[in-house]
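# mind looking at a prediction? Sequence and model below.
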Amino acid sequence: MSAVAEAIQEGRIGGRLWMYANYHCNLTCAYCLTESAPAVARRLLSPERMTALAAEARAAGFTALGVTGGEPFLVPGLAGTLAAMAAELPTLVLSNGTLFTRRLLAQLEPLAGADLAVQISLDSAEPEANDAMRGPENFAKVVDAIPRLRALGIRVRIATTTEGIEGDALARLCELHRSLDVPDDDHVLRPVVRRGRAVDHGMGVDATLADLPAELTITADGAFWSPFGPTVHGGRLDTDLLITRTTRPLSVPAGAMLKIAGAAGADDTAPGRSELKIC
């Protein structure tokens, strides 16, 4: 058993390797960790680099892959990259759900049946409340996109990012995602973390290394402790959770991650603590 596989089995690190495909986005969400917006620097991981990392991750002992941004579906050719990644390991791609045009859906059609899920952000069953955080018409585009993806045979997860949600509001949201053919097991709650744009709005909870999931995260700028780590504030990359600037071969950042996780102790890292099933 590899050192990575052993650490995953013991709960010292999470099994998913994350990649930041990009940093730019078509939205400007109020709590965005990376200050993503249409005009920000793109800072891409190339398709070739992402597929190579996927193969290295499988060989190293990782059990799953994650792709985030920015909005990953702004990266040209992402559908083909996701297909190659899903052939290596189960893959989850995060999206704001607003770009699933007929053309993009056609590109995704070959992914039907692949070991892939698209995680779409939906923060409220009330359009006004959802769009206040994410932008005009976001709600309408999301509830249109989800059944189209499901009709292709693509698994969809719903992620609700919130500072707190009341029982009645949660019940309405759960009822909505069930009506869109998304089961309870595929609805997760994520807290607003006070990093990135959330700092300027006084939103979210403060989080240190011990509070964040120990999931190795690769970006164009280096490797980080958690997908909540490579955040941006005031246009500057936060480096407090940077573990190494070297990302290839994957054994280098994986080794650095294992050293830090060993020093922190398994009880402190709690992989996956930032995400809860809620329905």
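That came through fine.
# sec struct for residue 259, please.
helix (DSSP: H, G, I helix; E, B strand; the rest coil).
# in terms of pLDDT, where does it sit?
pLDDT recorded at residue 259 is 95.
# that one: neighbouring residues, count only.
11 (other Cβ atoms under 10 Å). Placement of C-beta: from N, CA and C, glycine included.
# same thing with residue 38?
11.
# so it, which state does it fall into?
Applying three-state DSSP: residue 38 is coil.
# please state the offset of stretch 17-24 from the chain centre?
8 Å (Cα atoms, centre = their mean, to the nearest Å).
# my error: substitute stretch 61-71 in the last question.
For stretch 61-71 - counting by Cα atoms, centre = their mean - the centre lies 7 Å from the chain centre.
# low-confidence stretches in this protein?
Applying pLDDT under 70 to the chain picks out residues 264-278.
# swap the cut-off to 90 and go again
1, 41-42, 163-167, 207-211, 262-279 (pLDDT under 90).
# show me the helices in it, by range?
Taking DSSP state H as the criterion, the chain carries its helices at 3-10, 47-60, 78-86, 102-108, 127-134, 138-151, 167-179, 197-200, 251-264, 266-269.
# so which bits of the fifth one are buried?
Buried positions in helix 127-134, judged by neighbour count with 16 or more other Cβ atoms under 10 Å: 130-131, 133-134.
# from those residues, pick the one nearest residue 158.
Taking Cβ to Cβ as the measure, residue 130 is the one of the buried residues of helix 127-134 closest to residue 158, at 11.6 Å.
# what sits against that closest one?
Each residue near residue 130 by Cβ atoms under 8 Å, 6 or more residues apart in numbering is listed here: 122-124, 138-139, 142.
# over to residue 252?
223, 244, 246.
# which among those end up buried?
residue 223.
# any idea which of the contacts of residue 252 is closest to residue 184?
Looking across the contacts of residue 252 and measuring by Cβ to Cβ, the closest to residue 184 is residue 223, at 33.7 Å.
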